[in-house]
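Asker: could you work out the structure for the sequence below:
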Amino acid sequence: MEISERKKEHLEICLNNEVEGNNFFDDVILVYNALPDFDFEDINTKTEFLGKELNIPLIISSITGGTEEAKKINKTLAKVAEKKKIGFALGSQRAMIENKRLSETYFVRDVAPSILLFGNIGISNLHEIKIKEIEKAMEEVKADALFVHLNSAQEITQREGNTNFKNSVQNLKKLVKNLNYPVVAKEVGQGICRETGEILKKCGIRAIDVAGVGGTNWMKVEKLRGGKISDHLLNFGIPTTCSLLELKDLGIDLISSGGIRTGLDIAKSIALGAKICGIALPFLKIYKKEGEEGILKYVEELENELKKVMFLVGARNLRELKNCRYILRGVTKNWAEQI
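Answerer: Numbers count the residues shown, from 1 in each chain. So this is what the prediction gives:
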């Protein structure tokens, strides 16, 4: 099956089936501050990431590319990102590298000239796609940085999956050294542990997107496409909250994704050590139902709720939010105690 056809199936399955899991953010309780000594209107949610300022610590995470529908989706989401001054990430660019005619389905700079824009390639593709080809793909879309997605769980489930991850660390080091763009490592739904984080840091990557258990489960998606894996393995991985705790003292910027759905989730992620957050599936669903207007409204709701949470914990800015006190319970508490 061609990549573009697979991308269409992915979109249809994500829109029409239950593919999300428990995001575990209920395990995190931010401690209430009854005496915030500042004006709510003075709360500042801005942050800098990879040299670009974001109005709120948020990117629209990788969703799609390689089809006409993907082109429409990417343009609409990128327009919102430009209006709200948040980041945006493209889907895997492997399709446009293999088929040059698909490049336009990824191009969004005409509607989003100033946003923080991520390109995207899979780590298992690094042994077959040359660095100069990746460089050219980045230049074509005028991206600022590259996501290298780590999706071994998805690949072993996908019926066309590429399970050759041999020399992945060596290939990643080579990419980081030779690519003229910052490289960010990204899971796609199963999280990243401390040991993997340390290896990634040694490879020279600039940041890590933990993308933990709790958001879109690509093992479920691929099983619905006819892939094979037993049901009791479908939730294998590390919850987003736990992955943040695993990596928070690693000394590298973290992106929290995997079940982020509300401004409260964003606030909890920052408190647990994230620099920014990523959301994908809710944007896709809102796009299909309400279009650009609905997406704008959702981002505004996220921003407003984040500010209210910051007021409730007494944080005037994201630095103070990162230092606010929290209480853990459930799986996340057990995990914290054992690491």
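
Asker: for stretch 321-335, the distance to its chain's centre please.
Answerer: What separates the centre of stretch 321-335 from the centre of its chain is 21 Å, taken as Cα atoms, centre = their mean, to the nearest Å.

Asker: pull out the buried residues from that stretch.
Answerer: Using 16 or more other Cβ atoms under 10 Å as the burial criterion, the residues of stretch 321-335 that qualify are 321-322, 324, 328, 331-332, 335. For glycine as for every other residue, the C-beta is placed from the backbone atoms N, C-alpha and C.

Asker: inside strands: which ones of the residues you listed?
Answerer: When DSSP state E is applied, these are split such that residue 328 fall in strands.

Asker: between the buried residues of stretch 321-335, which is nearest residue 296?
Answerer: residue 321 (24.0 Å; Cβ to Cβ).

Asker: now do the SS call for residue 297.
Answerer: helix (DSSP: H, G, I helix; E, B strand; the rest coil).

Asker: and it, how many residues sit next to it?
Answerer: Residue 297 has 13 neighbours, counted by other Cβ atoms under 10 Å.

Asker: can you check the one 10 residues further on too?
Answerer: Per other Cβ under 10 Å, the neighbour tally for residue 307 reads 19.

Asker: which strands and helices sit next to the host helix or strand of it?
Answerer: Following DSSP states H and E, one finds residue 307 within helix 281-313. With contacts taken as 3 or more Cβ pairs under 8 Å, 6 or more residues apart in numbering; DSSP states H and E, helix 281-313 sits against helix 3-16, strand 28-30, strand 58-60, helix 68-84, helix 263-271, helix 318-322.

Asker: if we go to 7 Å?
Answerer: On a contact count with 3 or more Cβ pairs under 7 Å, 6 or more residues apart in numbering; DSSP states H and E, helix 281-313 meets helix 3-16, helix 68-84, helix 263-271.

Asker: which parts of the chain are helices?
Answerer: 3-16, 68-84, 94-98, 131-141, 152-157, 168-178, 194-202, 218-224, 240-247, 263-271, 281-313, 318-322, 330-338 (DSSP state H).

Asker: could those be laid out in TSV, adding distance to residue 60?
Answerer: Formatted as TSV, these follow (distance: least, Cβ to Cβ, whole Å):
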stretch	distance to residue 60
helix 3-16	15
helix 68-84	5
helix 94-98	19
helix 131-141	15
helix 152-157	20
helix 168-178	24
helix 194-202	23
helix 218-224	18
helix 240-247	17
helix 263-271	13
helix 281-313	5
helix 318-322	19
helix 330-338	26
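
Asker: residue 120: which of those helices is closest?
Answerer: Among the helices of the chain, helix 94-98 sits nearest to residue 120 (Cβ to Cβ), with 8.6 Å.

Asker: mean neighbour count, the helices and strands packed on helix 281-313: which tops it?
Answerer: Highest mean neighbour count among these (mean count of other Cβ atoms under 10 Å): helix 263-271, with a mean of 26.

Asker: now do the contacts for the closest residue to residue 62 other than its chain neighbours.
Answerer: What sits nearest to residue 62 in space, not counting adjacent residues and going by Cβ to Cβ, 6 or more residues apart in numbering, is residue 89, at 4.3 Å. Contact partners of residue 89, counting by Cβ atoms under 7 Å, 6 or more residues apart in numbering, are 59-62, 118, 120, 147.

Asker: circling back: mind checking which of the helices and strands packed on helix 281-313 is nearest residue 216?
Answerer: helix 3-16 (6.3 Å).

Asker: alpha carbons of the closest one, in CSV - could you do that?
Answerer: Provided in CSV are the C-alpha atoms of helix 3-16 (Å, rounded to 0.1, in the frame of the first residue of the first chain):
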residue,chain,number,x,y,z
ILE,A,3,2.1,5.8,2.1
SER,A,4,-0.6,8.3,1.0
GLU,A,5,-3.3,5.6,1.2
ARG,A,6,-2.0,4.6,4.7
LYS,A,7,-2.2,8.2,5.8
LYS,A,8,-5.8,8.4,4.7
GLU,A,9,-6.7,5.3,6.7
HIS,A,10,-4.9,6.7,9.8
LEU,A,11,-7.0,9.9,9.6
GLU,A,12,-10.3,7.9,9.2
ILE,A,13,-9.5,5.6,12.0
CYS,A,14,-8.5,8.4,14.4
LEU,A,15,-11.7,10.3,13.6
ASN,A,16,-14.1,7.4,13.8
